[in-house]
Every structure is written in C-alpha cells, then in structure tokens.
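>>> This is a predicted model, with the sequence first.
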Amino acid sequence: MHDDALARAAERWAGLPLTKGHGTGNDFVLLADPDGNRPVDESTAAALCDRHRGVGADGLIRAVPSRLLPEGRALLATEPAAQWFMDYRNADGSLSEMCGNGVRVFAEFLRREGLVAVEPGAVLPVGTRGGVKVVRIVEDGYAVDMGPWSLVDPAVARERGADARVRTDGVDVDRPALSISMGNPHTVVALASRAELDHLVLLRAPTVEPRPPAGTNVEFVVPADPLIGPDGVADLAMRVHERGVGETQSCGTGACAAAAAIRFWAGPGAPDRYRIAVPGGVLGVAFIPAADGTEHVELSGPAVLVGRIDLL
Ligand SMILES: N[C@@H](CCC[C@H](N)C(=O)O)C(=O)O
C-alpha cells in the first residue's frame, strides 16, 4: 500500500526534490508547494515517512502559502505577515496542530529555498493549525514564540496536582500525570530518577486515563537535583512517546509541556528558564510575560537540513 502511494507521489511530483531535515533528531521530510497544487494526503505522508519503504521521518511538512488553505486564510485576517503555512502531518499520516521542532526546521527550509529572507534580528510569523508562531534566528538555531500554554483541566490539576494517570512498559505502577495543551495535547509524567527514565520501554503507546479524546503525546520527565544549575537555568531530562509516531528523539512542544508541568508543580518562585536534555540533543524553554497579560513559552534549538531526495 505504501509502495503504491509513493509511486503516485513520484508521478505527481516529478522533478520536485524533497528535503530531509531534523531538529535535535526529530526528523522531517519537507516539500515546497508555492502554488498549492501538491496537497499531501494521509496515505502519501505515511508512505514517505515509512523508515523501510519510504524516505523515513517522524513527520511530513508541506510549505504552502497561507492564502491557499482555508486554515491559513483565517489566520491572515489577523496576522497578514504569516504568509507561509506549515502543513504538518505525523508519520502515520495524521494531522497535528503544531510541531515545535518542525517549525524551526520549516523556517530554515524556507530560508534555504529562498522563499523568505530571515535576517538575524528579524522575525518570521508562520501559520500553523495551532495559530501563528513567530520564529527568529538565535545563536544556536531558532527561537519560536509558541504562545501561551494551558492546563487542560485547571480545577482538578490545582486541587490534586494531577488530572490523569499513565501506565507504560518498564515502570512498575501507574503514575499521576498532568494534561497540558501547547495547541496540541500533552500528558506529562514526573519520574523519580534517571534510572527510571532509562528503563522505560516506549515501543507501544502508554495508557492514559482518562483517555484524551484526540489522543496525546506523553512526556516522561526527570528534574535535575538540584533543579537549577549555576547559570540559573533549570535542567530536565525527558523522553517522549508522540501521538501518531512512537518514541522520537525529541519533541519541541513536548519539551515546552514538560517545562510547564515542572513550573506548575514547583509553584510560586519556579524558574523561568529550562534546559531539556532529550535523546537527540538539548532544547531551551523560557516563560516570558507577553504584552497581552498572558505567559508565552519560547522554545529554542537547532534546525538542520540534511539533503535533497528525488522520488523515482
Ligand atoms: N515532534 C513535534 C510534535 C509533532 C506532533 C505530535 N506528534 C502530535 O500529534 O501532536 C514537536 O516537536 O513538537
């Protein structure tokens, strides 16, 4: 089935190179569609992301002008500068609202394709299904204003410190967890030690109760002891099982959700800046008061383009 979908894509996209890129090991196939005539359906995305019969990736990103998609046009009404839309699909072909590693790689892709000029100091607003995200160049890659984070069930979370329970292979009992929205859904579990994190087996999706209606990404996080390093930044280690993918080397929205959960659990006086070590590298997360009175999450990390691929 994947072979047929790839053959159809090769025919439709003859002469169009795909690009492979990654952010801290979370890898993507990217495709430029400036005329909006190369929509990617679920089966094509899944075939391209197949690691044995396709190109192989955690997700597929199509760069399309916002004006050519209904979701993009809706954003342009309030954010006319968000000219490009990140049309994101997971490795199984499902849509997601947002991808934090993907949006940095998307910005680098637009820049390298000559579709935008991203100068140091300038900002690039990007349309996504999770709203407009503003990207800028920083020393170690890109920083993205991911907008505000939120608790999914604030009343229960504030009363009990958790609103869900998670069971997964490699840990003995089910654990309390916090449901957080970064535009896409996350469930964060704090583990007791690095050894527990290392022993997790994430070959199948963790069981989350109550079951989130649209599924969830599950982050397992261990805070360093002491939490705050000599440079004033809080250190966390994280592994993730992504909705629509499986275990990945990194998840940007997941790093934001993990930092938000630790910040929530730490209470008043919690650190504003976090360094999250994931299997594929290190991400930065900062909580910044925004002009509109909310607290925004800024994600930073590298964006790497690896090469071009022609479908045959
Ligand atoms: N890896 C991404 C998240 C991708 C989407 C996620 N699997 C979902 O379904 O919500 C990131 O870096 O944020």
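All right, it came through fine.
>>> does stretch 188-198 come close to the ligand?
No. Using C-beta under 6 Å from any ligand atom, stretch 188-198 stays clear of the ligand, coming no nearer than 13.5 Å. C-beta here means a position set from N, CA and C on the backbone, and glycine is covered the same way.
>>> and the stretch 1-150 of the chain, which of its residues are near the ligand?
Contact residues (C-beta under 6 Å from any ligand atom) of the stretch 1-150 of the chain with the ligand: Asn26, Gly59, Asn90, Ser96, Cys99, Gly100, Asn101, Gly102.
>>> now the first one, which residues is it bridged with?
Which is Asn26. Gly23 (DSSP bridges).
>>> so where is the stretch 1-150 of the chain shaky, pLDDT-wise?
Within the stretch 1-150 of the chain, the stretches with pLDDT under 70 are 1.
>>> Where do the strands of it begin and end?
Taking DSSP state E, counting those that start in this stretch as the test, the strands found in the stretch 1-150 of the chain are 18-23, 26-32, 59-65, 84-90, 123-128, 131-138, 141-148, 150-151.
>>> Would you mind giving these as a markdown table with distance to Asp172 added?
Shown next, in a markdown table, are the strands of the stretch 1-150 of the chain (distance: least, C-beta to C-beta, whole Å):
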| stretch | distance to Asp172 |
| --- | --- |
| strand 18-23 | 33 |
| strand 26-32 | 29 |
| strand 59-65 | 32 |
| strand 84-90 | 30 |
| strand 123-128 | 38 |
| strand 131-138 | 39 |
| strand 141-148 | 34 |
| strand 150-151 | 27 |
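>>> Three-state assignment for Phe287, please.
strand (DSSP: H, G, I helix; E, B strand; the rest coil).
>>> who's the closest residue to Phe264 other than its chain neighbours bridged to?
Of all residues not flanking Phe264 in the chain, Leu178 sits nearest, at 6.7 Å (C-beta to C-beta, 6 or more residues apart in numbering). Leu178 forms beta bridges with Val188, as assigned by DSSP bridges.
>>> Pull the number of nearby residues for Ala260.
Residues near Ala260, counting by other C-beta atoms under 10 Å, number 26.
>>> Now it. Nearest residue, chain neighbours left out?
Closest to Ala260 by C-beta to C-beta, 6+ apart is Trp149, at 4.4 Å.
>>> gap between that neighbour and Gly130?
11 Å (C-beta to C-beta, to the nearest Å).
>>> The two: which has the busier surroundings?
Trp149 (24 against 21).
>>> who touches the more buried one in this structure?
Trp149 sits next to Ile180, Ser181, Met182, Cys256, Ala257, Ala260, Glu295, Val297 when contact means C-beta atoms under 8 Å, 6 or more residues apart in numbering.
>>> Now the buried members of the residues you listed.
Neighbour-count burial (16 or more other C-beta atoms under 10 Å) applied to these gives Ile180, Ser181, Met182, Cys256, Ala257, Ala260, Val297.
>>> Look up how far the ligand lies from the second one.
Which is Ser181. Ser181 sits 10 Å away from the ligand, going by C-beta to the nearest ligand atom, to the nearest Å.
>>> cool, and the fourth one?
Noted for Cys256: a distance of 8 Å to the ligand, by C-beta to the nearest ligand atom.
>>> Skipping its backbone neighbours, what lies nearest that residue in space?
Val297 (4.6 Å).
>>> thinking again about what came up before, between the residues of the stretch 1-150 of the chain next to the ligand, which has the most around it?
Asn101 leads those on contacts (other C-beta under 10 Å) with 34 neighbours.
>>> Hmm, it is touching Cys251, no?
Yes. Between Asn101 and Cys251 there is a contact at 6.9 Å, judged by C-beta atoms under 8 Å.
>>> Spit out the residues that contact these two alike.
Contacts common to Asn101 and Cys251, judged by C-beta under 8 Å, 6+ apart, are Asn26.
>>> Next, the buried residues of the host helix or strand of Trp265.
Element membership for Trp265 (DSSP states H and E) is helix 252-266. Judged by neighbour count (16+ other C-beta under 10 Å), helix 252-266 contains these buried residues: 252-264.
>>> and which of those residues is nearest to Val278?
Distance to Val278, by C-beta to C-beta, is smallest for Ala255 among these, at 6.8 Å.
>>> Can you tell me how far the closest one is from Arg51?
For Ala255 relative to Arg51 (C-beta to C-beta), the value is 23 Å.
>>> quick one: terminal-to-terminal distance for stretch 11-21?
By C-alpha to C-alpha, to the nearest Å, the extent of stretch 11-21 from end to end equals 23 Å.
>>> rewinding a little: does the residue nearest to Cys256 sit in a helix, a strand or a coil?
strand.
>>> What residues does it make contact with?
Applying C-beta under 8 Å, 6+ apart, the residues near Val297 are 145-149, 182, 256, 259-260, 285-288.
>>> next one: Thr78
Going by C-beta under 8 Å, 6+ apart, Thr78 touches Val132.
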